[in-house]
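Enquirer: Sharing a model that was predicted from the sequence below.
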Amino acid sequence: MPAKALPVPTPETAPFWDGTKRHELRMQRCNDCAQFFFYPRPYCRHCFSANTEWRTLSGRGTLHTYVINHRPPPGWEEDAPYVIAIVELAEGPRLMTNIVGITDPTPDKLPIDAPVEVVWADVSDEITLPHFRLV
Ligand SMILES: [Zn+2]
């Protein structure tokens, strides 16, 4: 069975992956308009300011939308069915992730806007993924 593909940090995303490795969900916040944004980039997506800094987030949010995947790509066969979701974080940004901790996921177990919190998947020596569970 092929190995699962893993993220490859870049200079711009390294602070995010350094944070997940320490089990901290970090994103950039603009010092001019005070909004968080994601994915990582050198300027604020709201006001284009380059005056940004990395902050640690609460790890809490809500289930914005999802799909239950029954047809996994190579490497994920043993995980199917699994939930690919977009979580809206309490601080504003949305993050694509997996919802974990649900046996045999079905839509009735995954209400839209349900509160979620981050859990950590240490998938290699270098990479820890932020997953979420219902709370
Ligand atoms: Zn801004």
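Expert: Looks like it came in fine.

Enquirer: so is Glu88 in a helix, a strand, or just coil?
Expert: For Glu88, the assignment made with DSSP: H, G, I helix; E, B strand; the rest coil gives strand.

Enquirer: Could you report the separation of the closest residue to it other than its chain neighbours from Phe37?
Expert: Leaving aside its chain neighbours, Glu88 sits nearest to His64 (4.3 Å; criterion: C-beta to C-beta, 6 or more residues apart in numbering). Where you see a C-beta, it was placed from the backbone N, CA and C, and this is true even at glycine. Computed with C-beta to C-beta, to the nearest Å, the distance linking His64 and Phe37 is 16 Å.

Enquirer: Counting neighbours, go ahead and name the busier of these two.
Expert: When His64 is set against Phe37 and neighbours are counted by other C-beta atoms under 10 Å, the residue ahead is Phe37, at 20 against 16.

Enquirer: okay, the longest strand seen in the chain in CSV with CA atoms only?
Expert: When every strand of the chain is counted residue by residue (DSSP state E), the longest turns out to be strand 60-69. Listed next in CSV are the C-alpha coordinates belonging to strand 60-69 (Å, rounded to 0.1, in the frame of the first residue of the first chain):
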residue,chain,number,x,y,z
ARG,A,60,-11.9,25.9,18.9
GLY,A,61,-14.4,26.5,16.1
THR,A,62,-17.5,25.1,14.4
LEU,A,63,-18.1,22.6,11.6
HIS,A,64,-18.6,24.8,8.5
THR,A,65,-19.1,22.0,5.9
TYR,A,66,-17.8,18.5,5.2
VAL,A,67,-17.9,15.5,2.9
ILE,A,68,-17.8,11.9,4.0
ASN,A,69,-15.2,10.3,1.7
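
Enquirer: Against which helices or strands is that strand packed?
Expert: For strand 60-69, the packing partners by 3 or more C-beta pairs under 8 Å, 6 or more residues apart in numbering; DSSP states H and E come out as strand 82-89, strand 94-99, strand 115-122, strand 128-134.

Enquirer: distance between the first one and the chain's centre?
Expert: This means strand 82-89. Averaging C-alpha positions (C-alpha atoms, centre = their mean, to the nearest Å) puts strand 82-89 7 Å from its chain's average.
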